[in-house]
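Novice: just coords:
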Ligand code: SF4
Ligand code: SF4
């Protein structure tokens, strides 16, 4: 009993530590990567005793700055909700990762440990539900600030989030139809199968259109450029204008955590999660017949490494997208969501159904 | 019957409209991502190679690490003013007020005194430039008939913590030296103000009515940086 609880605690700490650290590092990656993409060097001035360490102290400096800044609540704003809103934005972003498996089951000393914090059999629904909650933080922040522009920003944000949630959900349905389950660990396991004996049956292989739709909608859900219309910090002002200090920092950090979460979900649902191509529970089985046997622990380590690598790759991709594309105008955001993505995701479901029926009839 | 004026649309330039391929957006996104990723990977390779002392000819970043590395200024850049001197060290300036009149920002303030040498006639008791107002146009240099004022010190870092320090007096202006053109830029600090801000030829007493305080610093603090032309 105690051991069970301890194992769970360790898993929770591992996942939270991973998400928080990657998100914290992303603030550094964002600066450095954008700099390298634009032929610059990027932030490198923060130092401790003269050591600069390629700017790695900047996240710490940022944190210190935000913690020590004045925490301002606008007069006429709702004190309670104004304080709650950053938490309401932060919390759903953080707990979504609990459902994502980062490895297959680990067997040590007769104990079976699934490498996942919780393994709901309605995992995908949980993801969508938690994702849907993030709209509360945004709307509350806009409303409780007693600033009409913040309120408008909050409304823009909620309209955008709700519009893209539909596509998000519908695009995942295609995957669910293929794998016939809502349980993420099961979806991951099924992605280890081979198509025609040599193509890994990853979500992106069987549902390429769904992946594009999902990825677009997920970027919109994480409210980053090109979909940062709700914030638009550079000209029209957004929902967290009236925030300062660490509360503002929490909104920013929630965005980074959402980036990690989007990367995690995309990996898990569409890119095989912890699957390594041709790696099975007892080692590599290559399609040309050769077999490399591996001990159980090595297989698990490879799987976890593969998961982490994929998540980091998607973080990199999201950053590259963020620093490549210009922002959509608001009407373009809405048009893209309702007139293109939504019909396409419905079409995807239809096409998937037809293909599945045709395959059954064969 | 009244006719409604119709607004004529300008003809669309070729390439104004997106082609279908561009309008579906996705291929163009991939093109953009390809460009930025190409920069990312080639610059990253350069950075990593240089970490190991290789690839010296690569230039992964075009930026200059400013306070450590300064970029040479173009030769004719107008930098901080100085007053030129005669062989004996006295200012060449004859207090003709040409520069003061030419200055569009009204930031030169000259008080003239009578020079004992009748061929020189006048000398500047005070010569002050308020850099807080100066727009570095160089008109003062062009106006001067005596080549007494130049903008060739190579000093461009002029920030101070106090507005008063932006008012340069004659002793400061005389102490400044022209930049050595072989060095990229003068990193000399502006010399501190000394004395009461007046100058006089050896053996000449500054007339007492001109002694009192700095012209722009005396009495009314609002006078500093005021945009009023000097009431002379
Ligand atoms: S550079 Fe122009 S603004 Fe400055 S003192 Fe000379 S004339 Fe006046
Ligand atoms: S600096 Fe030149 S223009 Fe100005 S008062 Fe002196 S001599 Fe005349």
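Specialist: That came through fine. Only a predicted model underlies this, so the values are computations on that prediction, with no experimental measurement involved. Ligands and ions are numbered 1, 2, ... in the order given.

Novice: wondering if the longest strand seen in chain B reaches ligand 1 at all.
Specialist: With residue count as the measure and DSSP state E as the assignment, chain B has strand B:122-130 as its longest strand. Yes. Using Cβ under 6 Å from any ligand atom, we find that strand B:122-130 touches ligand 1 at residue B:129. Every C-beta, even on glycine, is put in place using the N, C-alpha and C of the backbone.

Novice: show the average pLDDT along that strand.
Specialist: Mean pLDDT, taken over the full extent of strand B:122-130, equals 90.

Novice: report the buried residues of it.
Specialist: Judged by neighbour count using 16 or more other Cβ atoms under 10 Å in any protein chain shown, the buried positions of strand B:122-130 are B:123-130.

Novice: what's the answer for stretch A:12-21, then?
Specialist: Buried residues in stretch A:12-21, defined by neighbour count with 16+ other Cβ under 10 Å: A:15, A:18-20.

Novice: farthest pair within the residues you listed?
Specialist: Of all pairs drawn from these, the one with the largest separation by Cβ to Cβ is A:15 and A:20; the distance is 9.5 Å.

Novice: need the single longest helix in the chain, by residues.
Specialist: In the absence of a named chain, chain A is used. In chain A, assigned by DSSP state H, the helix with the most residues is helix A:2-37.

Novice: please refer instead to chain B.
Specialist: Selection of the longest helix in chain B by residue count, based on DSSP H, yields helix B:26-51.

Novice: excluding its backbone neighbours, what's nearest residue 112?
Specialist: In the absence of a named chain, this looks at chain A. residue A:105 (5.4 Å; Cβ to Cβ, 6 or more residues apart in numbering or on different chains).

Novice: that's the wrong chain, I meant chain B
Specialist: With sequence-adjacent residues excluded and distances taken as Cβ to Cβ, 6+ apart, residue B:112 is closest to residue B:95, at 3.7 Å.

Novice: got it, and residue A:252?
Specialist: The nearest residue in space to residue A:252 (Cβ to Cβ, 6+ apart) is residue A:27, at 7.8 Å.

Novice: which of the three states applies to residue A:77?
Specialist: Look at residue A:77: counting by DSSP: H, G, I helix; E, B strand; the rest coil, its state is coil.

Novice: which non-adjacent residue is nearest it?
Specialist: Closest residue to residue A:77 in three dimensions, ignoring its sequence neighbours and counting by Cβ to Cβ, 6+ apart: residue A:146, at 4.2 Å.

Novice: same question for residue A:187.
Specialist: For residue A:187, the closest residue by Cβ to Cβ, 6+ apart turns out to be residue A:179, at 5.0 Å.

Novice: from ligand 1, how far off is the one you found?
Specialist: Computed as Cβ to the nearest ligand atom, to the nearest Å, the residue A:179 to ligand 1 distance reads 75 Å.

Novice: how about residue A:333?
Specialist: The separation that residue A:333 has from ligand 1, given Cβ to the nearest ligand atom, amounts to 49 Å.

Novice: next: residue B:161.
Specialist: Distance check for residue B:161 against ligand 1: by Cβ to the nearest ligand atom, it reads 22 Å.

Novice: do the same with residue A:50
Specialist: Using Cβ to the nearest ligand atom, residue A:50 is found at 40 Å from ligand 1.

Novice: how about the helices in the chain?
Specialist: Looking at chain A here, since you left the chain open. With helices called from DSSP H, chain A shows them at A:2-37, A:58-68, A:79-95, A:123-144, A:148-179, A:184-190, A:203-206, A:208-221, A:245-270, A:296-322, A:330-335, A:342-361.

Novice: that's the wrong chain, I meant chain B
Specialist: Ranges of helices within chain B are B:20-23, B:26-51, B:98-102, B:139-143, B:170-175, based on DSSP H.

Novice: OK, contacts around the residue nearest to residue A:252?
Specialist: A:58-59, A:62, A:252-253, A:256 (Cβ atoms under 8 Å, 6 or more residues apart in numbering or on different chains).

Novice: so where's the chain uncertain?
Specialist: You didn't pick a chain, so chain A it is. In the prediction, chain A carries no residues with pLDDT under 70.

Novice: switch to chain B, please.
Specialist: Where chain B drops to pLDDT under 70, the residues are B:1-4, B:7, B:9-16, B:181-188, B:209-232.
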